[in-house]
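Q: A structural model of the following input is requested.
(chains A and B)
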Amino acid sequence: MDAIILQILNGLDKGSAYALIALGLTLIFGTLGVVNFAHGALFMIGAFCAVTLQRILTLSYQVVDETKTDFLGNPLKVDVPYVHAWFGEATGAAIIDWAVPLAILFAIPIMIAFGFIMERGLIKHFYKRPHADQILVTFGLAIVLQEIIKAFYGANPIPTPAPDAFAGSFDFGALLGFAENTIIYPYWRLVYFVFALVIIAAVFAFLQFTTFGMVVRAGMADRETVGLLGINIDRRFTIMFGIAAAVAGLAGVMYTPINSPNYHMGMDFLVLSFVVVVVGGMGSLPGAVLAGFLLGVLESFASMKEVIDLIPGINQIVIYLVAIIILLTRPRGLMGRKGVMEE
Amino acid sequence: MPKTTLTRRGVLKTGTVAGGALAMPTIFTGASWAGSHTGFTNAPGDSEVVLGFNVPQSGPYADEGADELRAYELAVEHLNGGGDGGMIPTFSSKTLDGTGILGREVKYVTGDTQTKSDAARASARSMIEKDGAIMITGGSSSGVAVAVQALCQEAGVIFMAGLTHSNDTTGKDKKANGFRHFFNSYMSGAALAPILANNYGTDRKAYHLTADYNWGYTTEEAVKTSTEAMGWETVAAVKTPLTQTDFSSYIAPVLQSGADVLVLNHYGGNMVNSLTNAVQFGLREKEVNGKNFEIIVPLYSRLMARGAGENVKGIFGSTNWHWSLQDEGSKAFVKSFGTKYGFPPSQAAHTTYCQTLLYADAVNRAGSFNPCAVVEALEGFEFDGLGNGPTLYRAEDHQCFKDVLVVKGKENPTSEFDLLEIVEITPVAQVTYDASIFGGELGACNPGA
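A: Residues are numbered from 1 along each chain as shown, chains lettered A, B, ... in the order given. Here you go, the predicted model:
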């Protein structure tokens, strides 16, 4: 029982990342009809917003410590961050420590602007082109973006730790009456899960309870009719592209303490997120979220030693296996609209 | 139809000549290669010789490849008489005099392996066939090294392996034209085990997470064998996909297994992520079976350790070389590399620099670029002054035998390069093994054309 709870918990944080990326993907597909293979790159750009802010906050000047030597035997030059000099050592250290949460504020305008430029500058020229063209151009863009990031930040992962307050893990099992150390869960993963729920709720609330959201939903259902009513639906869809980019970016920002970001992290999530969208139902927002968490949990269970011993290699194929079964038995996905992907 | 005539006299004559050739001591054949500059692949002209540096310039190990390339360029500069000479003055063999190799200026071409076997073979082939490279060297992966080594064997050029740690490279997949200076999984296990016993005791339960490819398997096997020999029990060994980024679902069950040690047979990005995840789960703060929970990383790389940040503190592992070594060779190399590039070299840079010098020296000693002459010159070659103490290039498997470093993540680093501290220099005798235990056959050297 404890092993099952443990894997459900693990699946939830993994599922959070899938759900956030898939939510943006399906939002773009539902509004603009574009299959955006650069969405994983947006997740990666978001993560590198956190890295960039961390680097800005740790910009330093050098002081020479005569008591120590560097690797060449010269007096050691010690980096002192400017924030230490400006705000005092304790406050400066606290600011640097909280770089990842602060990066949320840093990333939102950057990601919205990035999404806006991407849609206006490139994607809009492909609205009327076949999906294959859209996939090719967005996939190409994703590769260009990751190579740019690699050129600036290198190929190695860059450590971007969570604030000290969220370091370590808590004994979830003890809360439920299990033996000590049977179900442990890192604090930051819990933060990530809660953060994902808040973002998902905010996106749904925005679409459900605002006039802007109502128009967007109407446009998703019948773009032509909304246009005939004199509403500039394209402009709203462009804004939605920016919001989808911001959601992916924020998912990336908050993911950095879980795994040190590298230039390739977007690609690692992209394919899985597409499977999530297909399983959830193309264009279905609740479907994307449900499938994200469902597949996250399934993947977690498939990684258990007992399961791998029983079916070797299942950990590597489980998501695709589920996708095949869903596509065979219910081509429109778990919550897809009737007719979509069924023709 | 051609007619073949076999006579008793003819068979005897041929047999005598062939037998005599095989029985001739190699000391005579070494001299006989001198002046023989034809009859092999890519025989160089009188003025220059081309070496092929095949490293990952893109992909996940691009930073490691970049450091290897820096070391190669430094080695070429030193071979051609530039710079401060690096380790040439400290090298025990004195054939390198700054006039290139056998009086020819050293030129080089580079290829991008992308850490993919097919891409690495394609770039190596291109350097051999189009650029006329007489020797191929490089790599940051055992899969790539094994693939390129096989290609060089077929093509008739020498392969001087870069960073490759699997037992297979000089074990079951060894080739006569291939040589490895870097240490291997077996040596890591043999060097680590006594240190682990001293620090963590002999009554431990280990849980292995292992990258699902040949390096992972040989490392798991080596660490399991050595730790079990000193009394540890292996509770479980789980293979993890090479493409895995989040290891939480593999790490979460570790505590439930009753294990009190986690061995991460991972390298590169896998190591960074699995170690970060393990620390996030608070494993190192736990007490299991009345003992502190411990994590071990059998193969450390400083470049990769940087990605794991503070998570490496206090964690044991092994490494081929470290810039903080205080022997004359290491100091000379660190000074030379550090002055040119502004930071200390990695172990990948060190091994590739050494391989270039060792190849050049072998050609000079043989008096020929003929691969078979170079093979003879390197087999059984004993040297010193290249940063690892007295070293032997063993003839039976073309593996270097030298001291191995056991290191630990430093608690109070003074800089971003100062991440590891040397805990012990394990003497070569402790990590030496019988050449036959991993199987494989060297076969005959292939001079090519």
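
Q: for residue A:269, what are its contacts?
A: Residues counted as contacts of residue A:269 (C-beta atoms under 8 Å, 6 or more residues apart in numbering or on different chains) are A:17, A:18, A:21, A:40, A:43. (C-beta placed from N, C-alpha, C; glycine too.)

Q: which residue does the stretch 101-250 of chain A have closest to chain B?
A: Taking C-beta to the nearest C-beta, chain B has its nearest neighbour within the stretch 101-250 of chain A at residue A:159, 3.0 Å off.

Q: right, and that residue touches residue B:307 too?
A: Yes. Counting by C-beta atoms under 8 Å, residue A:159 touches residue B:307, with 6.1 Å between them.

Q: more crowded one of these two?
A: Just comparing residue A:159 and residue B:307: by other C-beta atoms under 10 Å in any protein chain shown the higher neighbour count belongs to residue B:307, 27 against 20.

Q: from what I can see the more buried one touches residue A:156, true?
A: Yes. Here residue B:307 lies in contact with residue A:156, judged by C-beta under 8 Å, at a distance of 5.0 Å.

Q: mutual contacts of these two, please.
A: Taking C-beta under 8 Å, 6+ apart as the contact rule, the neighbours common to residue B:307 and residue A:156 are A:262, B:269, B:272.

Q: just those residues now: which is nearest residue B:285?
A: Comparing the shared contacts of residue B:307 and residue A:156 against residue B:285 with C-beta to C-beta places residue B:272 closest, at 20.1 Å.

Q: residue contacts, residue 214?
A: Using chain A. residue A:207.

Q: you looked at the wrong chain, it should be chain B
A: Residues counted as contacts of residue B:214 (C-beta under 8 Å, 6+ apart) are B:142, B:143, B:146, B:166, B:168.

Q: show me the contact partners of the strand or helix carrying the second one.
A: When you say that, I think you mean residue B:143. Following DSSP states H and E, one finds residue B:143 within helix B:142-155. Contacts to helix B:142-155, defined as C-beta under 8 Å, 6+ apart, come from residues B:41, B:54, B:56, B:113, B:115-118, B:120-121, B:124-125, B:128, B:136, B:138-139, B:158-159, B:161-162, B:164-166, B:168-169, B:173, B:175-178, B:180, B:213-215, B:443, B:446, B:448.

Q: so where is chain B shaky, pLDDT-wise?
A: Counting by pLDDT under 70, chain B contains low-confidence residues at B:1-37.

Q: can you rerun that using 80?
A: Of all residues in chain B, those with pLDDT under 80 make up the ranges B:1-38, B:58-60, B:140, B:243, B:303-304, B:449.

Q: any idea how far residue A:131 is from the spatially most central residue of it?
A: If you average the C-alpha coordinates of chain B and look for the closest C-alpha using C-alpha atoms, centre = their mean, you land on residue B:182, 2.7 Å from that point. In this structure, residue B:182 and residue A:131 are 48 Å apart, going by C-beta to C-beta, to the nearest Å.

Q: with residue A:121 instead?
A: Here the distance between residue A:121 and residue A:131 works out to 20 Å (C-beta to C-beta).

Q: could you do residue B:93 as well?
A: For residue B:93, the distance to residue A:131 under the criterion C-beta to C-beta works out to 63 Å.

Q: report the central residue of chain A.
A: Nearest to the geometric centre of chain A sits residue A:251, at 3.3 Å (C-alpha atoms, centre = their mean).
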